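> coordinates only, sequence not included:
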């Protein structure tokens, strides 16, 4: 559904939200281990999340990553930061022009799906999702 980078970004953000010791810097290796992702690719996703202001980073031996002290982050913000608006705006058949006035054959069907997906992502924060993870109801890796 999302790009691999988008999936990893969601996992990173949820994992960082589960940190019980607020203010602790979490290293790349710990993140990679906890979400079961390739180190180099995860590092690139972390850079993008940092550039977008969704996480903070600190270089050095005691550095790492953490969520900034700010309002709740939605899953929508994370996906937009990594994948852009395309999942919500591009034609599913790849047509350059696909709109209400010039729709592709499946435009109306997929518009409803995209609108519903956007609504779910906009209304879901990482804080909400982390609770089930902490309780052991959900997992970031199998």
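Received it, and whenever you're ready, just let me know what you need. Everything quoted here is computed from the prediction, not taken from an experiment. Residues are numbered from 1 along each chain as shown.
> Now do the contacts for the residue nearest to residue 95 when sequence neighbours are not counted.
Spatially, and ignoring its direct neighbours in sequence, residue 95 is nearest to residue 104 (5.1 Å; C-beta to C-beta, 6 or more residues apart in numbering). No exception for glycine: its C-beta is placed from N, CA and C like everyone else's. When contacts are counted by C-beta atoms under 8 Å, 6 or more residues apart in numbering, residue 104 touches 91-93, 95, 98.
> can you tell me the helix or strand for the most far-flung residue of the chain relative to its centre?
Distance from the centre of the chain peaks at residue 101, with 31.9 Å (C-alpha atoms, centre = their mean). Counting by DSSP states H and E, no helix or strand carries residue 101.
> heading toward the C-terminus, what's the first helix or strand past the longest helix along the chain?
Ranked by residue count under DSSP state H, the longest helix found in the chain is helix 107-122. As assigned by DSSP H and E, the chain's next helix or strand after helix 107-122 is helix 126-134.
> what does that following helix contact?
13-14, 17-18, 72-75, 78, 138-140.
> all helices of this structure, in order?
4-17, 28-35, 39-51, 75-83, 86-89, 107-122, 126-134.
> So which of those is nearest residue 64?
Residue 64 lies closest to helix 28-35 among the helices of the chain, at 7.1 Å (C-beta to C-beta).
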